[in-house]
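> can't give you the sequence, but here's the structure:
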């Protein structure tokens, strides 16, 4: 019969079972065909504006622990810049213009890695 109250579980149902300690290992997800190990990716942005900001740096940590990072040269149409965001990430627009790589090259490098 229908009831608004949940059934009370039998005695002992909620007892905690002791778990065996497992060795720590790299996180992986497995389906029937493949094992997937995650890569972690981080972006820095020109400002905190959700519409006008653009990526200025991308970093990635691969499943094997190797690290990659690129400064992104601002596209000619990317004009949004925030001094408060610069204080957070520590990257000046001048540094991006001098040392940054075209966004298309960064995207290609990410596509190759992932």
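All right, it came through fine. Every value quoted in this text rests on a predicted model; they were computed, and no experiment measured them.
> okay, and for the protein, where does confidence drop off?
The chain contains residues with pLDDT under 70 at 1-34.
> show me where it has strands.
29-30, 35-36, 40-45, 55-61, 67-71 (DSSP state E).
> which parts of the last one are buried?
The reference is to strand 67-71. 70, 71 (16 or more other Cβ atoms under 10 Å). To be clear about C-beta, it is placed using only N, CA and C from the backbone, and glycine gets the same treatment.
> can you check the third one too?
Judged by neighbour count using 16+ other Cβ under 10 Å, the buried positions of strand 40-45 are 44, 45.
> The residue nearest to residue 71 when sequence neighbours are not counted: how many residues sit nearby?
Nearest non-adjacent residue to residue 71, counting by Cβ to Cβ, 6 or more residues apart in numbering: residue 100, 4.4 Å away. Around residue 100 sit 19 other residues, with neighbours defined as other Cβ atoms under 10 Å.
> repeat for residue 111
By the criterion of other Cβ under 10 Å, residue 111 has 8 neighbours.
> any idea how far it is from residue 50?
Distance, residue 111 to residue 50, using Cβ to Cβ, to the nearest Å: 25 Å.
> and what of residue 83?
Applying Cβ to Cβ to residue 83 and residue 50 gives a distance of 18 Å.
> next one: residue 105
For residue 105 relative to residue 50 (Cβ to Cβ), the value is 26 Å.
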